[in-house]
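Asks: need a 3D model of the sequence below.
(one chain, ligands or ions: 1)
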Amino acid sequence: MERNDPNNAEDQSQNQQWQPKIVAFLCHWCSYAGADLAGISRIQYPPNIRVIRVPCSSRVNPLHIIKALQHGADGVLVSGCHPGDCHYGSGNYLARRKFALLKRFLEFIGIEPGRVQFSWVSAAEGQKFASVIEEVVEDVRKLGPARRLVKNLMK
Ligand code: FES
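Replies: Numbers count the residues shown, from 1 in each chain. Next comes the predicted model:
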């Protein structure tokens, strides 16, 4: 059974009320601090994200992203320090390579590329953090609810 049938009137009305759920893996040193700064500065951004703080963007295993999509996330964001600023030397370069491969794999299995996004946000970029969240939420909203990989079909 399809999770959402675009031809079904009940599903259409549910889709209009639907809000995307985004899991955001944020590096403790930069992006998490950027999110904190956005909060302290009272910069508004959509409340659709659920933050998971990680020590470094390279700590995020591709399986974490797949599991998030399987368990109801409509999109995933991984955000870390700018290239060259990783507190562990080259963690973000490693993450960038890992996620470039993961994105190609996800596309291969039918996941829209906009569902999984990566960004670099420093601790001083509260405004940028808010902009990134707005963009990710809008991109995922345009894609609609995730259907592929979802393990627990809810109706
Ligand atoms: Fe932030 Fe590595 S410590 S990406």
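
Asks: next SSE downstream of the helix or strand bottoming out on mean pLDDT in the chain?
Replies: The weakest-scoring helix or strand in the chain, judged by mean pLDDT, DSSP states H and E, is helix 9-17 (a mean of 66). Going down the chain from helix 9-17, the next helix or strand is strand 22-27, by DSSP states H and E.

Asks: and the ligand, is the strand or helix carrying Ala33 touching that?
Replies: Using DSSP H and E, Ala33 sits in helix 31-40. No: Helix 31-40 does not reach the ligand (Cβ under 6 Å from any ligand atom); its nearest approach is 7.2 Å. Yep, even glycine has a C-beta here, placed from its N, CA and C like the rest.

Asks: what lies in contact with that helix?
Replies: Identification of contacts with helix 31-40 by Cβ atoms under 8 Å, 6 or more residues apart in numbering yields 26, 45, 51, 53, 57, 79-81, 119-130.

Asks: so which of these reach the ligand?
Replies: Among the contacts of helix 31-40, the ones lying near the ligand by Cβ under 6 Å from any ligand atom are Ser57, Gly80, Cys81.

Asks: quick one: mark the members of these that sit in strands.
Replies: Among those, DSSP state E puts Gly80 in strands.

Asks: residue numbers of this protein in contact with the ligand?
Replies: Contact residues (Cβ under 6 Å from any ligand atom) of the chain with the ligand: 27, 29-30, 56-58, 80-81, 86-88, 91-92.

Asks: again, 8 Å this time
Replies: 27-31, 55-59, 80-81, 85-88, 91-92, 95 (Cβ under 8 Å from any ligand atom).

Asks: filter these down to the buried ones.
Replies: Listed as buried from the residues of the chain next to the ligand are 27-31, 56-59, 80-81, 86, 91-92, 95; burial here means 16 or more other Cβ atoms under 10 Å.

Asks: of those, closest to Arg104?
Replies: Taking Cβ to Cβ as the measure, Ala95 is the one of those closest to Arg104, at 15.2 Å.

Asks: which strand or helix spans the closest one?
Replies: helix 91-108.

Asks: now do that helix: distance to the chain's middle.
Replies: Centroid separation between helix 91-108 and its chain, computed with Cα atoms, centre = their mean, to the nearest Å, is 14 Å.
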